[in-house]
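In: A predicted structure for the sequence below; I have some questions about it.
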Amino acid sequence: MHLTNNAVQKYSENYGSFEDGNQLSYKRLQQILNEQYPDCGVSVYENLVPQMKDLIIKSMSAVRKKLDPYKRKHTFEMFGYDFILDEDFNVWLIEVNTNPCIKESSNLLKILIPRMIEDMMRITVDRAFPRFKKGGGGKSTVKKATNTSTTSSPVKKTPAKL
């Protein structure tokens, strides 16, 4: 799946001729591999995704000391990774984008981008600033806030709307 470079690809006369937005889901990529390369024995989830994860880990490890040199708390950054497959189904890292496009330019991205943003918020903001806990019946209830400030202002008991 390639979530970026849409800004360039959309001007091609073949853009969208083969798949919506020139993007494939992992499921569709597996179907194509099974149909066009039945003897390759490649599984997207068992072979390709682990290679992508390994490249992500190696690239992050290579720049780990430069990512947050001031060790700021409660910050995060989203990166966009671009990969390509060679003829032997090896995954190669093309580039890492520090400002990836998150435009919902295809039906696939209309599903993936909101899910990605929700997941990103859940593992960052929600962990750093927990406001809700699951109550009975699956309803969210406000956690009791504790006032740690030195001022005498009251603590709000209802969550702010985002």
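Out: It's in.
In: show me where this protein has its strands.
Out: Here the chain has its strands, by DSSP state E, at 80-85, 91-97, 132-134, 140-142.
In: compute the inter-axis angle for the second one and strand 80-85.
Out: For the pair strand 91-97 and strand 80-85, the angle between their directions (axes from the mean of the first three to the mean of the last three Cα atoms, to 10 degrees) equals 160 degrees.
In: the longest helix belonging to the chain - what's its average pLDDT?
Out: Longest helix of the chain, by residue count under DSSP state H: helix 107-123. Mean per-residue pLDDT for helix 107-123: 91.
In: what residues does it touch?
Out: Helix 107-123 is contacted from outside by 1, 3, 20-21, 23-25, 76, 78, 102-104, using Cβ atoms under 8 Å, 6 or more residues apart in numbering. Where C-beta positions appear, they are placed from N, C-alpha and C, glycine not excepted.
In: please redo it, this time with the cut-off set to 10 Å
Out: 1, 3, 6, 19-21, 23-25, 28, 76, 78, 100-106, 126-127, 162 (Cβ atoms under 10 Å, 6 or more residues apart in numbering).
In: in it, what's buried?
Out: Within helix 107-123, the residues scored as buried using 16 or more other Cβ atoms under 10 Å are 108-109, 112-113.
In: dump the residues you listed to CSV, plus distance to residue 13.
Out: Listed next are those as CSV, based on distance: Cβ to Cβ, whole Å:
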residue, distance to residue 13
108, 21
109, 21
112, 26
113, 26
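In: between these, which sits nearest residue 58?
Out: residue 112 (23.8 Å; Cβ to Cβ).
In: so how far is the longest helix of the chain off the chain centroid?
Out: Distance, stretch centre to chain centre, for helix 107-123: 7 Å (Cα atoms, centre = their mean, to the nearest Å).
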